[in-house]
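# Below are the sequence and a predicted model; questions follow.
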Protein chains: 2
Amino acid sequence: MAKKVIADIEKNTSTEEKIKEAARRVFTQKGYAATRTRDIAEESGLNLALINYYFRSKEKLFDIIIVEHLQLFIHSVMEIVNDPKTTLQQKMETLISHYIDMLIENPYIPIFVLNEINANPEKLIEKLGFEKMQRENLYIIKQWKEMAAAKKTPAINPIHIVVNVLSMTIFPFIASPLLRNRTGMSLGEFNKLMEERKKMIPVWINAMIKGG
Amino acid sequence: MAKKVIADIEKNTSTEEKIKEAARRVFTQKGYAATRTRDIAEESGLNLALINYYFRSKEKLFDIIIVEHLQLFIHSVMEIVNDPKTTLQQKMETLISHYIDMLIENPYIPIFVLNEINANPEKLIEKLGFEKMQRENLYIIKQWKEMAAAKKTPAINPIHIVVNVLSMTIFPFIASPLLRNRTGMSLGEFNKLMEERKKMIPVWINAMIKGG
DNA sequence: AAATTATTTAATCAAATGATTAAAATCAGT
DNA sequence: ACTGATTTTAATCATTTGATTAAATAATTT
């Protein structure tokens, strides 16, 4: 049996993994409340009972999916944010760029995550493993404080800057269906527009800091 | 009976209106899929069967709620956008200001609307009555074309500007639970921050247009 | 007040849905 | 090939959930 398991894991073709992949697709597209366990069974082409055989319940499966998804993402963010070799400016640029790449691949993630947090704030936030984001140990915080000490920090409340970066990066993907409907854009055109923003958002942020 | 109906409408205390108000609250907080008709009955303090007596089904009730909600909003936007007495700059300022006021009152609206559009793009978009937003007849479009003719239009693709205005205005409310959890902000502090943005977003947009 | 109409209630239905079970099929080690 | 464990299947259960019904109550009209 051991051999088979290893082969399965390598090819990501084990039943357990098939269910998880199907669940990921269905959950992220329809949200927790709207997905039926039968949807996941159908999407994976597997028997309904297998979902409860491998994961005890719909909720447990959901928890695993969302935690895996987000911890993967958080990890990649942390690597960028904690890199001692890059400047603040570079961190912002690579962060936006990576984020947009990820969002082009997984456009449903933000609306899914934010919607689920909205539906169940306390429960989900603790599951996200944000404890790992301890501000004190972050290299980026050091850099920010150094800038503040050198009085190079702009007059704007830094929260506004963070909010603006996140807003301009993430929101277009959340509003994508509406936006594309209104403008008649294709998905390809939309993605091209998002690619443009990789370079533009940092420029805009800088303009804000200087001009605002 | 006529007397009672009038009195009820005036006081917004008719059974029908009570159901709609309860439905508005529950639907916008939990989304369509997660709300049970029994939740609405409980929220309104009324009998479950009344929901089907006054509105034929959960879906019909939902349609009425969301259409009313959005048409009210669209109407207010149209008034601002179609005002011949204001400049483009003024339009942007009042639009952002009104939008933020609305969002402080109804913070659940954006995530609710965008989530439902996401779950069912074709169906919902047609219900929103966007046909009324005919670009040709809008005064703001005239103004934009005049600016373009005078070559005062910036080099940026105007879609980016629109997207940025909407992003910076709406996104903070969508991310509010997460944002407040991360920063430890209270709702009051959050709203104060949003009030600040009324004046700042137009300034930032101008800085972008000049500097970007 | 009697008759008619509108509203509300409690009980119930049928379908959907998450979960379970017992039997069948498959697999690993001998 | 045989044995024991694991995995898969089909059938079924118990709840939940949207919807309906028939009777009761309240309001309106005549």
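Yep, it's here.

# these two touch, right, residue A:15 and residue A:50?
Yes. Counting by Cβ atoms under 8 Å, residue A:15 touches residue A:50, with 6.2 Å between them. All C-beta spots, glycine's among them, are computed from the backbone N, C-alpha and C.

# what about residue A:184, how many neighbours?
7 (other Cβ atoms under 10 Å in any protein chain shown).

# Equivalent analysis for residue A:158, please.
Each residue near residue A:158 was counted by other Cβ under 10 Å, and the total is 12.

# Name the helix or strand for the closest residue to it other than its chain neighbours, please.
Counting by Cβ to Cβ, 6 or more residues apart in numbering or on different chains, residue A:158 lies nearest to residue A:144, which is 7.3 Å off, once chain neighbours are set aside. Secondary structure from DSSP states H and E places residue A:144 in helix A:139-149.

# residues in contact with that helix?
Outside helix A:139-149, the residues within contact range by Cβ atoms under 8 Å, 6 or more residues apart in numbering or on different chains are A:81, A:82, A:83, A:84, A:87, A:88, A:91, A:135, A:153, A:158.

# And chain A, what are its domain boundaries?
Following the assignment in automatic domain parsing, chain A carries domains at A:1-55, A:59-211.

# Output these as TSV; include the columns distance to residue B:172.
Shown next, in TSV, are the domains of chain A (distance: least, Cβ to Cβ, whole Å):
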stretch	distance to residue B:172
domain A:1-55	22
domain A:59-211	5
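
# if I look at residue A:71, how far off is residue B:80?
Note on residue A:71: its distance to residue B:80, by Cβ to Cβ, to the nearest Å, is 43 Å.

# cool, residue A:38 as well?
Taking Cβ to Cβ, one finds residue A:38 at 47 Å from residue B:80.

# From the neighbour counts alone, determine which of the two ranks first.
residue B:80 (18 against 10).

# SS state for the more buried one?
Of the three states, residue B:80 takes helix under DSSP: H, G, I helix; E, B strand; the rest coil.

# State the pLDDT value of it.
Residue B:80 carries a pLDDT score of 88 in this model.

# Next up, the contacts around it.
Neighbour list for residue B:80: B:86, B:91, B:94, B:95, B:98 [criterion: Cβ under 8 Å, 6+ apart].

# Is it possible to get TSV of the residues you listed that adds neighbour count and distance to DNA strand C?
Converted to TSV, those look like this (neighbours: other Cβ atoms under 10 Å in any protein chain shown; distance: Cβ to the nearest atom of the strand, whole Å):
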residue	neighbour count	distance to DNA strand C
B:86	18	44
B:91	17	44
B:94	17	41
B:95	21	40
B:98	16	36
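
# what's near enough to touch residue A:86?
Neighbour list for residue A:86: A:80, A:94 [criterion: Cβ under 8 Å, 6+ apart].

# mind checking how far the helix holding residue A:144 is from the chain centre?
25 Å (Cα atoms, centre = their mean, to the nearest Å).

# for stretch A:138-151, same thing?
How far stretch A:138-151 lies from its chain's middle: 26 Å, per Cα atoms, centre = their mean.

# any idea of the mean pLDDT for that stretch?
pLDDT averaged over stretch A:138-151 gives 82.

# coming back round to it: send me the helix holding residue A:144 as CSV with only the CA atoms.
C-alpha atoms of helix A:139-149 as CSV (Å, rounded to 0.1, in the frame of the first residue of the first chain):
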residue,chain,number,x,y,z
TYR,A,139,11.9,43.0,8.8
ILE,A,140,9.5,45.3,7.0
ILE,A,141,8.5,46.9,10.3
LYS,A,142,12.2,47.6,11.1
GLN,A,143,12.6,49.3,7.8
TRP,A,144,9.4,51.4,8.3
LYS,A,145,10.6,52.5,11.7
GLU,A,146,14.0,53.4,10.3
MET,A,147,12.3,55.6,7.7
ALA,A,148,10.2,57.2,10.4
ALA,A,149,13.3,57.9,12.4
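
# Quick one: residues in contact with the very next helix or strand once past that helix.
Using DSSP H and E, the helix or strand that follows helix A:139-149 in sequence is helix A:158-174. Taking contacts as Cβ under 8 Å, 6+ apart, the residues outside helix A:158-174 that touch it are A:92, A:95-96, A:99-100, A:103, A:107, A:110-111, A:114, A:144, A:154, A:179, A:193-194, A:197, A:201, A:204-205, A:208-209, B:114, B:118, B:163-164, B:166-168, B:170-172, B:174-175, B:179, B:183, B:193, B:196-197, B:200, B:204.

# Please pick the buried ones from those residues.
A:92, A:95-96, A:99-100, A:103, A:107, A:110-111, A:114, A:179, A:193-194, A:197, A:201, A:204-205, A:208-209, B:114, B:118, B:163-164, B:166-168, B:170-172, B:174-175, B:179, B:193, B:197, B:200, B:204 (16 or more other Cβ atoms under 10 Å in any protein chain shown).

# The residues you listed: which ones sit near DNA strand D?
Among the buried ones among the contacts of helix A:158-174, no residue lies close to DNA strand D (Cβ under 7 Å from any atom of the strand).

# isn't residue A:119 right up against residue B:28?
No. Counting by Cβ under 8 Å, residue A:119 stays clear of residue B:28, with 11.4 Å between them.

# circling back to that earlier point, keep only those of the contacts of helix A:158-174 that are in helices.
Mapping the contacts of helix A:158-174 onto helices (DSSP state H) picks out A:92, A:95-96, A:99-100, A:103, A:110-111, A:114, A:144, A:179, A:193-194, A:197, A:201, A:204-205, A:208-209, B:114, B:118, B:163-164, B:166-168, B:170-172, B:174, B:179, B:183, B:193, B:196-197, B:200, B:204.

# Does DNA strand C have contacts with stretch A:29-45?
Yes. Using Cβ under 7 Å from any atom of the strand, we find that stretch A:29-45 touches DNA strand C at A:35, A:36, A:37, A:38.

# Just the buried residues of that stretch, please?
Buried residues in stretch A:29-45, counted by 16+ other Cβ under 10 Å: A:29, A:30, A:31, A:32, A:34, A:35, A:37, A:39, A:40, A:41, A:43, A:44.

# from these, which are also near chain B?
When the buried residues of stretch A:29-45 are checked against chain B using Cβ under 8 Å from any Cβ of the partner chain, the ones in range are A:30, A:31, A:32, A:34.
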